[in-house]
Every structure is written in structure tokens, then in C-alpha cells.
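> Sharing a model prediction with you, sequence too.
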Amino acid sequence: MTPRSLADYKHLAERRLPRFLFEYVEAGSYLEQTRLANRRDLAGIGLRQRVLRDVSRIDMSATVLGHHLPFPVALAPVGMAGMMARRGEVQAARAAREIGVPFTLSSASCCRVEEVGAASGGGPFWFQLYMLKDRGYMASLLTRAREAGCTALLVTVDLPCLGARYRDYRSGISNDPWPVRIARMAGQVLPRPHWLWNVGLRGRPHTLGNIADGVERGASLARVMGFMQANLENAAGWNIIDWLRRHWDGPIVVKGVLDAEDAREAVRGGADGIVVSNHGGRQLDGVPSTARALPAIADAVGGELTVLVDGGVRTGLDVARMLALGAEGVLIGRAWAYPLAAQGQRGVAHMLGLLRDELRVAMALTGATRIAELTRTSLLQS
Ligand SMILES: Cc1cc2nc3c(=O)[nH]c(=O)nc-3n(C[C@H](O)[C@H](O)[C@H](O)COP(=O)(O)O)c2cc1C
């Protein structure tokens, strides 16, 4: 089957990945109400069709955090993407470079930041940092990211503790004692020989390249995950931006803001940007969808820092909706993880091309010839 849409890629990913990995990507927390709301609220926003306007020349380019982009989309950090395809983060970074959009490397990636930096070949390359108690280790990660060529830092603040993902319990990736877990995972890997050979055996995805050094060289995935969970920072305040500033001289973007008052704190704290995000519905279930939270936040701080958003974006039409609601740039998570699992670099590049083409259609039919012309007047008032 030649994939024509994200739904096709998701279908292929489901056939290719061992079940626990597919569920890991798809999962939201608890009853998954926020994960579902991200999609439902975004898809429910009507675009306002306008006709007989000169849309023969459409300029989708935009400057985001100092990068001139062909269209304002970036790849969000997705932990353990190296489990989706062989050297998965490297493949996705190459696809992003091909299309000219930023790739954000998760600190919980399988591939080390140095390896991905080399693959991103001078294209826009951002680094995501989880807040860990061990400040010395955070500082050393920031040094590595800078030396590997990362230009912007996304610091994720919505993970002082972990929301429970029941799918991970059911699939066997969490909670069971190790021998049971290994047995259950093996039972799901064996029916996926393509993944076992290409990714499991030849891809060396068994550890988290950036974090592992803080534990011990070659530490197992279980040890590294245990280290991370035990080290999640839950005592930081907004002055953390001052600390980051001393260790990072590029833009600092706070990822995981969902409230206008927190967005104002980010401005007061000196952040260069925020990502309006609920972690793809993977942390606190019951918080609003990002499409609902975004307008008030953009009204409160737009123009004072860069407002980015993620959550439920699956098409270029969704990108148009988020831009019209007030975002300056849009991050995609699952929408690159599925094509990566299905077809590696080729799939991610194709998916990004689809988003770009769909965005162009959305602009043409809402009568926008520049990104700045996508505003709330491009939407139907409900
Ligand atoms: C499988 C998976 C892993 C993720 N890992 C991280 C991570 O390591 N760091 C982070 O800040 N966000 C992480 N996120 C959240 C994404 O960066 C992003 O906020 C979310 O995926 C956006 O929602 P969407 O998947 O509906 O586009 C992850 C999301 C998924 C689906």
C-alpha cells in the first residue's frame, strides 16, 4: 500500500511495530479524555472558505526562533523514537533537514545528540531537556547539545511526575516484574520479524543515548528509565530560566504551558518562547485541549515571546487552524512517529510534504496568501 495520509501511516505502523511500541506512541494518560479532546476540538474548528481572491502566489514561509522556515512546522520531541525505526532519530532528523523544518531531539532519545547533530547537517536542530534533580548532569547535557549544533532549547515543564498510561500497563511495557515483562514483550516482538531484525537487533535501540552516560556506560533501558524517574525535578520554580540562561546562550522555550497566567510567568521569567502543550494528552488527563487553551494564551502573551503549540495536529488543515488561533509555529508528535515506524526517513519526509501541501490548500481556500493572514477571521465562529 502506498500511504496517502497519516491514517495510512498509522495503519502501517501498527502492522510493523510490536504491540507495546504502537501502544506506547498512541497512549494518553488515565481515561485519555485530553488526548481525545486534542483531536476533537481541533477537528471541530470550522475553516471559513473565501473565494475569488488572487491566491496565485502563496508564501508559507515564516521565521521561528531565528530560523527562516518554508512553513512553520517543527518535529516535537518524541522519546525513544529510535525504537520506531533503525537509528530512528537520525532518520527523522534527515527527513526534517530534507524539508527544511526543525527537528527537536528528546533528551530521552535512543541516539545520542552528537550522532543526530551530525545527521541534521546544519539544518535547524533543537534540543528538549527534561528537568532532572541532578543539575550537574543537566549542565553537561546542555554543553553536549550546544556542541552538537542545537540552536534552541525546549525545556519540558509538565513532567514533575509521570501520568499513568494504562495502555502501557496492558501491553506489558510498565509495571510487571522484569521477567514477566521480558516474556510478554518477546511474545509481541516475535510476530514482527522485520522490526526484530532491522530495529531490535541491528538498530541497537536498547538504551537512551543522552541519559545513559549519567547512569553508567551501556546501562540497560530499564536502569536508565529508573534513573530518570527517580531524578524528575519537582521542586523547580520559574527562576529555573535564570539557571538555564547561565548554561545556554540560545533561545529558551518553555514546553508544557496550558494557562495564560503561566504564560505571563514565562514572559516575566525571561523565556524566549512557550509551547502550549499538554504532552499529547499523556500527563494530566482532564486538562483542556491545546486548541481550547491556545487563544487566551496567545492573547495574553503573543508578541512578547514566541508562541508555539502542539497536540492533535494530523494534517496541514490542523496547522492552519492552530496558526489562525494565534500560534506562530506548530509542532507535530505522533504525526512523525507513525511515518517513521512505517517507512523511516522516506515516510517522515513524505508526511511533512503532505502537511505542507495541505497547508497551501487551506490557505488558498481561506483566502490567505501569507501566514500572517491566517487569523481568527479565517475560522468560523462557533
Ligand atoms: C511517544 C511519545 C513520546 C514523547 N516523548 C516526549 C519527550 O521525550 N519529551 C517531551 O517534551 N515530549 C514528549 N512527547 C510529547 C510531544 O513532544 C508532543 O507534546 C505531543 O506528542 C503532541 O501531541 P501529538 O502527538 O498529538 O502531536 C512525546 C509524545 C509521544 C506521543
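All right, it came through fine.
> Please list the residues of the stretch 1-150 of the chain that sit near the ligand.
24-25, 38, 76-79, 106, 108, 128 (Cβ under 6 Å from any ligand atom). For glycine as for every other residue, the C-beta is placed from the backbone atoms N, C-alpha and C.
> okay, which residue is most central for the chain?
In the chain, the centroid-proximal residue (Cα atoms, centre = their mean) is Ala76; its distance is 2.1 Å.
> so it touches Gly329, yeah?
No - assessed by Cβ atoms under 8 Å, Ala76 is found out of contact with Gly329, at 10.8 Å.
> What segments of the protein are strands?
Using DSSP state E, the strands found in the chain span residues 62-64, 67-69, 73-75, 103-105, 125-130, 152-156, 252-257, 273-276, 306-310, 329-332.
> Out of the ones you listed, flag the one nearest His194.
strand 73-75 (23.9 Å; Cβ to Cβ).
> Which strands and helices lie in contact with the closest one?
Using 3 or more Cβ pairs under 8 Å, 6 or more residues apart in numbering; DSSP states H and E, the elements in contact with strand 73-75 are helix 88-99, strand 103-105, strand 329-332, helix 334-366.
> I'd like those written out as JSON lines, with mean pLDDT and mean neighbour count added.
Converted to JSON lines, the helices and strands packed on strand 73-75 look like this (pLDDT from 0 to 100; neighbours: other Cβ atoms under 10 Å):
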{"stretch": "helix 88-99", "mean pLDDT": "98", "mean neighbour count": "25"}
{"stretch": "strand 103-105", "mean pLDDT": "98", "mean neighbour count": "29"}
{"stretch": "strand 329-332", "mean pLDDT": "99", "mean neighbour count": "28"}
{"stretch": "helix 334-366", "mean pLDDT": "98", "mean neighbour count": "23"}
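> Relative to Gly122, which of those is closest?
Of the helices and strands packed on strand 73-75, nearest to Gly122 by Cβ to Cβ is helix 88-99, at 7.8 Å.
> Where does the stretch 251-382 of the chain get nearest to the ligand, which residue?
Here the residue of the stretch 251-382 of the chain nearest the ligand is Gly333; by Cβ to the nearest ligand atom that distance is 2.1 Å.
> ok so, going back, what's the most distant pair in the residues of the stretch 1-150 of the chain next to the ligand?
Farthest pair in those, by Cβ to Cβ: Asn38 and Ala108, 21.1 Å.
> Of those two, which one has the most company?
Asn38 (26 against 20; other Cβ atoms under 10 Å).
> residues touching the more buried one, list them.
278, 280-281, 289-291, 311-312 (Cβ atoms under 8 Å, 6 or more residues apart in numbering).
> Tell me the most packed of those residues, by neighbour count.
In these, the most neighbours by other Cβ under 10 Å go to Gly311, 34 neighbours.
> and stretch 60-75, how far from the chain's centre?
Relative to its chain's centre, stretch 60-75 lies at 15 Å (Cα atoms, centre = their mean, to the nearest Å).
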